[in-house]
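Novice: Okay, here's the prediction I keep looking at, along with the sequence it came from:
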Amino acid sequence: MKKVYTSLFLLLVSIALHAEPVEVEELTYHLYSNATASVAANQSTELSGEMSIPATILVNDTAYRVVSIATFAFINCTGLTSVTIPKTVKSIGARAFYGCQNLTYVSIPQKAQKIGKEAFSGCALKEVRCYIKDPKPTGLRAFEGCEKATLYVPTGTRKAYHNTVDWWTFRNIIEF
């Protein structure tokens, strides 16, 4: 009987945490009870140009802090050319920007300590501006095909990036 109650409790908590997706200015988000949000999977492939993901969104008079980008969020959004990810984002899901063939610039915030498998594979990145001061290994092939891009990193961290799995694939690492 205790297992039944535990299972029911976990199911109810799961339902409470995962609300229906909401759209705010061209992007779809999942909202959570702790006033955080995640950019949802499968955004419109018609998104184009430069995009700056907001740090917070307002829904029904409640401010939600954007803390993650879901797996497959922008997969095959071939019109995207530039993406600035806000300082509030802690994780970028697997294949989040996979196949964004015209994406040439991305800015990755300091808090983004988790970058999923193939997150930026298949992109035409020329410049990656990364603010992470203590780089962690990324998901497998996170930047596959982006080796020719210039990776800009905080002063004093070039060696750490050069010695960290997947970051070391960048041929040109410059401190800023």
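Specialist: Structure's in. What do you need?
Novice: what ranges do the helices span in the protein?
Specialist: In the chain, the segments counted as helices under DSSP state H are 2-17, 158-162.
Novice: can you tell me which of the ones you listed the model trusts least?
Specialist: Mean pLDDT is lowest for helix 2-17 out of the helices of the chain, coming in at a mean of 43.
Novice: Can you pull the phi/psi pair for the nearest residue to residue 42 once chain neighbours are set aside?
Specialist: Take residue 42 and drop its neighbours on the chain: the residue closest to it by CB to CB, 6 or more residues apart in numbering is residue 72, 5.9 Å away. No exception for glycine: its C-beta is placed from N, CA and C like everyone else's. Backbone torsions of residue 72, given as degrees, to the nearest 10, read phi 60, psi 20.
Novice: ok, how many other residues are close to residue 72?
Specialist: Per other CB atoms under 10 Å, the neighbour tally for residue 72 reads 18.
Novice: contacting residues around it?
Specialist: 41, 42, 93, 94, 95, 96, 98 (CB atoms under 8 Å, 6 or more residues apart in numbering).
Novice: change it to 7 Å
Specialist: 41, 42, 95, 96 (CB atoms under 7 Å, 6 or more residues apart in numbering).
Novice: Please point out which parts of the strand ranked longest in the chain sit buried.
Specialist: Identified as the longest strand of the chain according to DSSP state E is strand 62-69. By neighbour count on 16 or more other CB atoms under 10 Å, the buried set for strand 62-69 is 64, 65, 66, 67, 68, 69.
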